[in-house]
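Student: Sequence and predicted model, in that order:
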Amino acid sequence: MASKSPALVWLRDDLRLADQPALSAAAASGRPVLCLYLFDNGDSAGRALGGASRWWLHHSLAALAGALEKIGGRLDILHAAHRDLPAIAASLDAAEVYWTRRYGGPEIACDKAVKAALLGAGIPVHSFNGQLLREPWEVTTKSGGPMKVYTPFWRAHRALGPIAPPLPAPTALKAAPWPSMAPTRCALGDLGLLPTAPDWAGGLRECWTPGEDGARARLASFLGSGLRGYADERNRPDKPSTSRLSPHLRFGEISARTILHAVAHREAAASAIADDAAKFLAEIGWREFAYHLLFHNPDLATRNYQPRFDAFPWRTDAKALRAWTIGRTGYPIVDAGMRELWRTGFMHNRVRMIVGSFLVKHLLIDWRAGEQWFWDTLCDADPANNSASWQWVAGCGADAAPYFRVFNPVLQGEKFDPAGDYVRRFVPELAHAPAKFIHKPWEAPGLLARDYPAPIVPHGDARERALRAFKTLGGAGEPEA
DNA sequence: TTTTGAGTTGTTCGA
DNA sequence: GTCGAACAACTCAAA
């Protein structure tokens, strides 16, 4: 009997084998399987991938290719537009197509069009939720509308009942041959995802192991030593107290469901960490909320969630923006965060709030400039979390910070990096500053290193200016003209 | 329909 | 040093 037509698994942001419903379903179909990644540099998402994301993607794809080979599968890569998937599927003689759903506006539109074309060509499509605990539309108010406040959202989310346990990874795949008539495949290296001149990825290589194995190792390490005490220590950038799973989640190297069940299992064995587990899972809840907001607001990355912010008097200040991006604002906690970002492709969550507040409130620079910088430099930048968090910091988002909340970078530094270890790690100019002055070196005459800048804006003046500017917006309930 | 309680992450001031 | 109040009223979500 002639060999069966293959099942095509179209991989996107779900680069894993375990708890991979699309892959598992394809494997269970009894057909030979083709695992296909189409590289379009973010075109189908309406936005080019950032540099750090490109670096991560390269290594994630390499890891996935290796993992697939171990079970008899193969990863095939094409440099092609996502909208060409129907033609590609036809050239591969695919009998069915499987994929994991995605939730950005352009992605949904793309997948809808692709699905319609495939169905039109008689090729069935099977799509799955592999990315979130629940679909963004499942959580609604009693009257059926989208939620706009985090706490009721997460309460309602949990009230929908238990989350199904994760699926095991397939143990064996039968890879279909690549037909000679199909488009020519692309070697991973030919995608040009790695930086060359210069190679700025040294810090990333030191910090991260992209791929499913790296994700599982990170989770195991967090469950072993980070989860206990998480509720208290998660705000301390000087300590290794957070999970650092976000880039792995971004590329779907591990599922939220896997994390949820692993934490619950650990909690069952040690009830003393119930508070820690709840706090940590609430962060997973924020991710769910961000995707909920994105689904209901497709232009979350570019449009103020609260329209009254459209009138906000943002400043244009290229010099200040540059000082912020390179970590030379003169505020040590801000500069340490921005340099951590540049060097490692990551920033501690507490510090993200501090640098975000600084850009938006001290410098009065549009949050979208910060969002774009994070998009380019964060390994974990995704269309939901990055946008929702920036809007939250700026005060224009859902359930946002009140306008009068202006982080004082000195107090924040002293509170959350009390010995200054975090600052010293990333700001070598201050390596020998005493703890008493590490967050305000300008107060120690003679100490201020000749190569560390004075504050680009005085905190008190900047705070007053921000309060005045934000007050011009008036109440949210201002009737429309 | 109206009412009611609640709402991630802070700072400053004055007692 | 520590504490409570003020900051500004708003919207959300459910009863």
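Tutor: Cool, the structure landed. Numbering: from 1, shown residues only, chains lettered A, B, ... in the order given.
Student: Show me what from chain A comes close to DNA strand B.
Tutor: With the criterion set to Cβ under 7 Å from any atom of the strand, chain A comes near DNA strand B through A:149-151, A:235, A:282-283, A:286, A:349-350, A:353, A:389, A:392, A:399, A:401, A:404-408, A:411-412, A:415, A:459-460, A:463. Heads up, the C-betas are built off the backbone N, CA and C, glycines and all.
Student: how many other residues sit next to the nearest residue to A:Leu194 once chain neighbours are set aside?
Tutor: Once flanking residues are discounted, A:Leu194 sits nearest to A:His58: 5.4 Å by Cβ to Cβ, 6 or more residues apart in numbering. Applying other Cβ atoms under 10 Å, we find 19 residues neighbouring A:His58.
Student: my guess is A:His58 is in a strand, correct?
Tutor: No. Assessed by DSSP: H, G, I helix; E, B strand; the rest coil, A:His58 does not belong to a strand; its assignment is helix.
Student: In this structure it contacts A:Leu193, no?
Tutor: Yes. If you go by Cβ atoms under 8 Å, A:His58 and A:Leu193 touch, sitting 3.8 Å apart.
Student: I'd say A:Ala369 and A:Leu359 touch.
Tutor: Yes. If you go by Cβ under 8 Å, A:Ala369 and A:Leu359 touch, sitting 7.2 Å apart.
Student: Which one of the two is surrounded by more residues?
Tutor: Taking neighbours as other Cβ under 10 Å, A:Ala369 and A:Leu359 compare with A:Leu359 leading, 27 against 20.
Student: Nearest residue to A:Val114 in space, please, no chain neighbours.
Tutor: Residue nearest to A:Val114 in three dimensions, not counting chain neighbours: A:Leu85, with 4.9 Å by Cβ to Cβ, 6+ apart.
Student: that older thread, common neighbours of A:Ala369 and A:Leu359, please.
Tutor: Shared contacts of A:Ala369 and A:Leu359, defined by Cβ atoms under 8 Å, 6 or more residues apart in numbering, are found at A:Leu321.
Student: which strands and helices sit next to the longest strand seen in chain A?
Tutor: In chain A, with assignment by DSSP state E, the single longest strand is strand A:33-39. Counting contacts by 3 or more Cβ pairs under 8 Å, 6 or more residues apart in numbering; DSSP states H and E, strand A:33-39 is packed against strand A:7-11, helix A:21-28, strand A:75-79, helix A:85-91.
Student: got the buried residues for the last one?
Tutor: By neighbour count, with 16 or more other Cβ atoms under 10 Å as the criterion, the buried positions of helix A:85-91 are A:Leu85, A:Pro86, A:Ile88, A:Ala89.
Student: Greatest separation within these: which pair is it?
Tutor: In those, two members sit farther apart than any others by Cβ to Cβ. They are A:Pro86 and A:Ile88, at 7.3 Å.
Student: Format the helices and strands packed on strand A:33-39 as JSON lines; extra columns: distance to A:Leu223 and mean pLDDT.
Tutor: Formatted as JSON lines, those follow (distance: least, Cβ to Cβ, whole Å; pLDDT from 0 to 100):
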{"stretch": "strand A:7-11", "distance to A:Leu223": "27", "mean pLDDT": "98"}
{"stretch": "helix A:21-28", "distance to A:Leu223": "24", "mean pLDDT": "98"}
{"stretch": "strand A:75-79", "distance to A:Leu223": "29", "mean pLDDT": "98"}
{"stretch": "helix A:85-91", "distance to A:Leu223": "38", "mean pLDDT": "98"}
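Student: For A:Pro332, which of these is the nearest?
Tutor: Closest approach to A:Pro332 among those (Cβ to Cβ): strand A:7-11, 42.2 Å.
Student: What number of residues are in the vicinity of the residue lying closest to A:Thr258 once chain neighbours are set aside?
Tutor: Using Cβ to Cβ, 6+ apart and skipping residues adjacent in sequence, the residue nearest A:Thr258 is A:Pro166, 4.6 Å away. Using other Cβ under 10 Å, A:Pro166 has 19 neighbouring residues.
Student: Equivalent analysis for A:Glu267, please.
Tutor: 20.
Student: got a list of what it touches?
Tutor: Contacts of A:Glu267 by Cβ under 8 Å, 6+ apart are A:Ile273, A:Ala274, A:Ala277.
Student: Of these - the most surrounded one?
Tutor: Of the contacts of A:Glu267, with other Cβ under 10 Å as the count, A:Ala277 tops at 22 neighbours.
Student: So which residues of the stretch 101-250 of chain A form strands?
Tutor: For the stretch 101-250 of chain A, applying DSSP state E, counting those that start in this stretch gives strands covering A:125-128.
Student: report the longest helix in chain A, please.
Tutor: Taking DSSP state H as the assignment, the helix of chain A that covers the most residues is helix A:274-296.
Student: Only the buried residues of it, if you could.
Tutor: In terms of neighbour count (16+ other Cβ under 10 Å), helix A:274-296 has its buried residues at A:276-277, A:280-281, A:283-296.
Student: swap in stretch A:392-406?
Tutor: Buried residues in stretch A:392-406 (16+ other Cβ under 10 Å): A:Trp392, A:Val393, A:Ala394, A:Gly395, A:Cys396, A:Gly397, A:Ala398, A:Asp399, A:Ala400, A:Ala401, A:Tyr403, A:Val406.
Student: Dump those residues into JSON lines; add pLDDT, distance to A:Arg228 and secondary structure as well.
Tutor: Below are the buried residues of stretch A:392-406 laid out as JSON lines (pLDDT from 0 to 100; distance: Cβ to Cβ, whole Å; DSSP: H, G, I helix; E, B strand; the rest coil):
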{"residue": "A:Trp392", "pLDDT": "92", "distance to A:Arg228": "28", "secondary structure": "helix"}
{"residue": "A:Val393", "pLDDT": "90", "distance to A:Arg228": "29", "secondary structure": "helix"}
{"residue": "A:Ala394", "pLDDT": "90", "distance to A:Arg228": "34", "secondary structure": "helix"}
{"residue": "A:Gly395", "pLDDT": "89", "distance to A:Arg228": "34", "secondary structure": "coil"}
{"residue": "A:Cys396", "pLDDT": "90", "distance to A:Arg228": "37", "secondary structure": "coil"}
{"residue": "A:Gly397", "pLDDT": "89", "distance to A:Arg228": "32", "secondary structure": "coil"}
{"residue": "A:Ala398", "pLDDT": "86", "distance to A:Arg228": "32", "secondary structure": "coil"}
{"residue": "A:Asp399", "pLDDT": "80", "distance to A:Arg228": "29", "secondary structure": "coil"}
{"residue": "A:Ala400", "pLDDT": "78", "distance to A:Arg228": "32", "secondary structure": "coil"}
{"residue": "A:Ala401", "pLDDT": "76", "distance to A:Arg228": "29", "secondary structure": "coil"}
{"residue": "A:Tyr403", "pLDDT": "78", "distance to A:Arg228": "37", "secondary structure": "coil"}
{"residue": "A:Val406", "pLDDT": "90", "distance to A:Arg228": "34", "secondary structure": "coil"}
